[in-house]
Each structure stands twice: as C-alpha cells, then as structure tokens.
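K.L.:
give me a 3D structure for the following:
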Amino acid sequence: MADVFDLDALESEGEPFHFRHGGEDYELPPDPDIRAAVAQGEGNVLKALELLLGEEQWERILASDAVLDSKKFNALMAAYEKHIGASMGESEASTRSSRSTGRPSKRTSSATTKLR
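P.N.:
Down below sits the predicted model:
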C-alpha cells in the first residue's frame, strides 16, 4: 500500500511547554491530542489536562498539595495556547445571550379562571 498517508511517520516539530506548579515541573506536548481539545471545548477541563499531561504527570499533579484553581488553570491554558499557536476551545462560560426580540403575548380573553 504505497499510497497510504502515514500519520505515524509525522513527528512533532515544536517544543514542549514547561510549567511549574507546587514546586514541581510539568511538560505539555508541543502538539495537543485532539481529544484534549474536544474535552476542553466541552468544558471538561480536568479530562483535557489529564490527556495533555499523560498518566505519570497527571498522578503527580493530583497528589500535589498545591491547588490548581480556575484562575491558574485559565492562565496555564492561555500561555499554552500562545506557545502552540492555536486555541484549545472554550473553557470559560459562554457569552451572554442576545436580548429577546419577542413581544409579550396579547390577552385573548378577559375571562379569568375561578378557584373552587
């Protein structure tokens, strides 16, 4: 099968992204797993980070006494996205809904329902 496009032969050209949390050093891949981007886009930030870190680093970050709160996570993802030059999807709340263009219903009857 000479006409097969071999994805396994492609190698990452970028540099890993390094960060420190709770005194420990971690590394994110130069090319994120597409499953991590999907998880991030669906708002499943824990799954996204787990996929990016891999099993060994994920276990270390879970065992850390340092808290990775949403502010730190968002800062981490912003720096990582800048490093890789791509967005990992929406992780924060959606934008506000647009205002309603509907009109109030018109009363069709002056009758009221009486309670017994």
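
K.L.:
so, low pLDDT: which residues of the chain?
P.N.:
Within the chain, the stretches falling below the threshold (pLDDT under 70) are 1, 12, 90-116.

K.L.:
how far away is the residue lying closest to G89 once chain neighbours are set aside from D69?
P.N.:
Beyond its immediate neighbours in the sequence, the residue positioned closest to G89 (Cβ to Cβ, 6 or more residues apart in numbering) is G41, lying 2.8 Å away. (Glycine included, C-beta is placed from N, CA and C.) Note on G41: its distance to D69, by Cβ to Cβ, to the nearest Å, is 21 Å.

K.L.:
returning to what we had before: okay, now the residue nearest to G89: neighbour count?
P.N.:
In terms of burial, G41 registers 14 neighbours under the definition other Cβ atoms under 10 Å.

K.L.:
I figured it was touching M77, is that so?
P.N.:
No: G41 lies out of contact with M77 (Cβ atoms under 8 Å); the separation is 11.7 Å.

K.L.:
all helices for the protein, in order.
P.N.:
Counting by DSSP state H, the chain has helices at residues 34-41, 45-63, 70-84.

K.L.:
ok, the closest residue to E50 other than its chain neighbours - how many residues close by?
P.N.:
Taking Cβ to Cβ, 6+ apart as the measure, E50 lies nearest to W58, with 4.8 Å between them; neighbours along the chain are not counted. Counted with other Cβ under 10 Å, residues neighbouring W58 total 16.

K.L.:
ok, W58 to H18 distance?
P.N.:
Shown here: W58 relative to H18, a distance of 16 Å by Cβ to Cβ.

K.L.:
next: F73.
P.N.:
Distance, F73 to H18, by Cβ to Cβ: 16 Å.

K.L.:
what's the nearest residue to R20 if we skip its chain neighbours?
P.N.:
Going by Cβ to Cβ, 6+ apart, R20 has Y26 as its nearest residue, at 7.3 Å.
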